[in-house]
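S.K.: Structure here, sequence nowhere to be found:
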């Protein structure tokens, strides 16, 4: 079983040089530098703008207003350089934030999010992914998993057709046993961070529940949860409801401090 020893030593070595902590206190494996992630974010944002038409006017001002209100609550290093915002003409109810300070919102989401608070729930969630370095963690975990499978293949002598079948099965196990549950954990963590951000910006965190109810009502089947990178709508709503009592005091303090966003919906 020497290959098990090799895997354990390799995993320990990686963890020792690349262990960080997320905003919620969770240990993370992050192998990439912030500079690398920021560069990748800039490239991805430029690619989005090449592939999809952007929208200006009232829709842009609305999304910009909500984003700016949330950005003002971020730590100084996360506000440095500002955040660029684009609204994309796309019917899918989606949004994203990228390392380096980029936010994109599809017009389809504006039809689902009924007010500024619901939109803030999505934008806060997406910025939460960036603050928690989830892109770094996902890429690092995928890299470490591939290295581990490669080491297993070479040290265990899994060669030939039979060995390839075993490795394919092990790869499937890594996907469903490591990568997808890991992504669901990211989604839940981003939900928590997003609630905190929107509350501190003066947006009502209770609107997050209504948003996901709207998402569920909009239809669209989901794969079984064990095959999905996102929690089910029901699980997500339950998680949000459990966190809301914790963040309501932040919302009330923000309102008392004069943080009362007023972003007119187009």
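M.R.: Perfect, thanks for sending it. Treat the numbers as computed from the prediction; the structure is a model and nothing was measured.
S.K.: Could you use CA atoms for every contact and neighbour count after this?
M.R.: OK.
S.K.: mind checking how far the closest residue to residue 97 other than its chain neighbours is from residue 251?
M.R.: Distances taken as C-alpha to C-alpha, 6 or more residues apart in numbering put residue 103 closest to residue 97, at 4.4 Å, once the chain neighbours are dropped. In this view, residue 103 and residue 251 are 23 Å apart by C-alpha to C-alpha, to the nearest Å.
S.K.: now residue 87
M.R.: 27 Å.
S.K.: Check residue 122 too.
M.R.: Residue 122 sits 16 Å away from residue 251, taking C-alpha to C-alpha as the criterion.
S.K.: Model confidence for residue 109, exactly?
M.R.: Reported pLDDT at residue 109 in the predicted model: 95.
S.K.: and if you look at residue 35?
M.R.: 85.
S.K.: so where's the stretch 151-266 of the chain shaky on pLDDT?
M.R.: Low-confidence segments of the stretch 151-266 of the chain (pLDDT under 70): 151-182, 184, 219-231, 233.
S.K.: 90 instead, please
M.R.: Scanning the stretch 151-266 of the chain with the threshold set as pLDDT under 90 gives 151-189, 212, 215-237.
S.K.: residue boundaries of the helices in it?
M.R.: 160-174, 180-200, 207-217, 233-256 (DSSP state H, counting those that start in this stretch).
S.K.: What residues of the third one count as buried?
M.R.: Spelled out, that is helix 207-217. 207-212, 214-215 (16 or more other C-alpha atoms under 10 Å).
S.K.: List just the nearest of those residues to residue 33.
M.R.: residue 208 (32.1 Å; C-alpha to C-alpha).
S.K.: Tell me how far the closest one lies from residue 199.
M.R.: According to C-alpha to C-alpha, residue 208 and residue 199 sit 11 Å apart.
S.K.: now residue 246
M.R.: 10 Å.
S.K.: More neighbours: which of those two?
M.R.: residue 199 (30 against 13; other C-alpha atoms under 10 Å).
S.K.: so how far is residue 251 from that one?
M.R.: Taking C-alpha to C-alpha, one finds residue 199 at 4 Å from residue 251.
S.K.: Need the overlap of contacts for these two.
M.R.: Residues touching both residue 199 and residue 251 (C-alpha atoms under 8 Å, 6 or more residues apart in numbering) are residue 205.
S.K.: what ranges of the stretch 1-150 of the chain fall below the confidence cut-off?
M.R.: 1-42, 44, 48, 77-82, 92, 94, 98-99, 129-150.
S.K.: neighbours around residue 92, how many?
M.R.: 15.
S.K.: Adjust the sequence numbering to begin at 25 for everything that follows.
M.R.: Sure, I'll start numbering at 25, so the last one becomes residue 116.
S.K.: What residues does the nearest residue to residue 126 once chain neighbours are set aside make contact with?
M.R.: Leaving out its chain neighbours, the residue that sits closest to residue 126 by C-alpha to C-alpha, 6+ apart is residue 108, at 4.8 Å. Shown in contact with residue 108 (C-alpha under 8 Å, 6+ apart): 125-127.
S.K.: Reformat the residues you listed as TSV; add distance to residue 64.
M.R.: Formatted as TSV, these follow (distance: C-alpha to C-alpha, whole Å):
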residue	distance to residue 64
125	11
126	11
127	14
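S.K.: Turn these into TSV, columns for secondary structure, distance to residue 84 and neighbour count.
M.R.: As requested, the contacts of residue 108 are arranged in TSV below (DSSP: H, G, I helix; E, B strand; the rest coil; distance: C-alpha to C-alpha, whole Å; neighbours: other C-alpha atoms under 10 Å):
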residue	secondary structure	distance to residue 84	neighbour count
125	coil	17	21
126	strand	14	20
127	strand	11	22
